[in-house]
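Chemist: Pasted the sequence and its predicted model underneath.
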Amino acid sequence: MMRQMSRRGKFITFEGLDGTGKSTQMRRLAAALRKSGHEVVETREPGGTATGEKIRKVLLDSETSALAPLAEMALMFASRAQHIAEVIEPALAAGSIVLCDRFTDSTEAYQGGGRKLGSPPVRELHRVLCGDLQPDLTILLEANPHVSVSRARKRNRRASRAGARGHDESRFEQETRAFFMRVRESYMAIAKREPGRVVIVDARGTPGQTHERIVEVVRKKLRI
Ligand code: TYD
């Protein structure tokens with residue numbers, strides 16, 4: 001008997017420094033793709049599953065103190081391995097377009113670059129723990145690093161004032177300028193190494209302009 005095989009979906013990741021507008025752009029792209037009839041799954045890292053969201057709390061809460069860089073990297077990958085098994089692979093197998101706010105490039109940029117663990121362990125762990133799953137396309141949003149990081153800091157201060165029990169997501173935003181410069185440099189190195197997968201998108205204009213650029217990239221690169 002012939003079985004109907006659905007074609008494998010597409011995996012698109014969004015990357016960039018904190019506060020570059022990744023989440024907004026991902027939502028807008030999802031809406032545009034759905035409008036043209038695609039099945040779209042939106043998700044994020046760290047997180048994306050019940051277990052992953054628990055790990056996210058540990059990773060991002062500023063109350064988490066003295067987390068060793070290697071433990072931080074291991075937790076990022078624990079969240080990711082669960083996310084791939086539970087959400088990303090099944091959705092791709094079912095033919096959906098998966099949009100993910102951050103993926104392994106974030107670990108290479110933040111833990112590899114920011115925390116100075118280097119790229120090789122990140123890439124090796126990605127092979128072992130993530131089956132070397134590669135996005136079909138990565139949108140790297142590029143804005144003024146000082147502006148975007150201070151935007152993210154402000155947003156998190158607002159969120160933690162609003163939060164009842166003092167939980168926040170600002171552990172990374174408290175990092176130094178030098179840390180974010182290393183993150184940015186690592187992102188640039190990844191883009192240079194893998195120009196077929198990673199497209200740098202200028203995010204300094206209005207959200208509408210950035211959205212148009214992203215739609216154009218997706219159309220050209222993935223023919224969708
Ligand atoms: P995110 O919620 O995307 O923050 P923002 O919206 O401010 O960009 O990500 C939370 C933080 O987690 C962000 O500061 C980057 C960090 N992070 C890593 O350090 N390594 C990783 O592998 C991932 C996925 C995120």
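Modeler: Here it is on my side, so go on.
Chemist: Flag every residue of this protein that's near the ligand.
Modeler: 18-19, 22-23, 45-46, 60, 76, 101-102, 106-107, 110-111, 152, 172 (CB under 6 Å from any ligand atom). All C-beta atoms are positioned from the backbone trio N, CA, C, and that covers glycine.
Chemist: Just the closest of those to residue 84, please.
Modeler: Nearest to residue 84 among the residues of the chain next to the ligand is residue 45, at 10.0 Å by CB to CB.
Chemist: What is the least confident helix or strand in the chain?
Modeler: When the helices and strands of the chain are scored by mean pLDDT, DSSP states H and E, helix 145-162 comes last with a mean of 82.
Chemist: contacts for it?
Modeler: Here helix 145-162 makes contact (CB atoms under 8 Å, 6 or more residues apart in numbering) with 16-21, 166-170, 173-174, 177, 180-181, 184.
Chemist: what packs against whichever strand or helix holds residue 75?
Modeler: Here residue 75, judged by DSSP states H and E, is contained in helix 69-83. If you count contacts as 3 or more CB pairs under 8 Å, 6 or more residues apart in numbering; DSSP states H and E, helix 69-83 packs onto helix 50-60, helix 119-130.
Chemist: In a markdown table, list these along with mean pLDDT, distance to residue 28 and mean neighbour count.
Modeler: Listed next are the helices and strands packed on helix 69-83 as a markdown table, based on pLDDT from 0 to 100; distance: least, CB to CB, whole Å; neighbours: other CB atoms under 10 Å:
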| stretch | mean pLDDT | distance to residue 28 | mean neighbour count |
| --- | --- | --- | --- |
| helix 50-60 | 97 | 23 | 17 |
| helix 119-130 | 98 | 27 | 16 |
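Chemist: and residue 220, which of the ones you listed is closest to it?
Modeler: Nearest to residue 220, of the helices and strands packed on helix 69-83 and by CB to CB, is helix 119-130 at 26.5 Å.
Chemist: Low-confidence ranges, the chain, go.
Modeler: Filtered on pLDDT under 70, the chain yields the residue ranges 1-5, 162-166.
Chemist: what about the helices in it?
Modeler: According to DSSP state H, the chain carries its helices in the segments 22-35, 50-60, 69-83, 89-93, 104-106, 119-130, 145-162, 177-193, 207-222.
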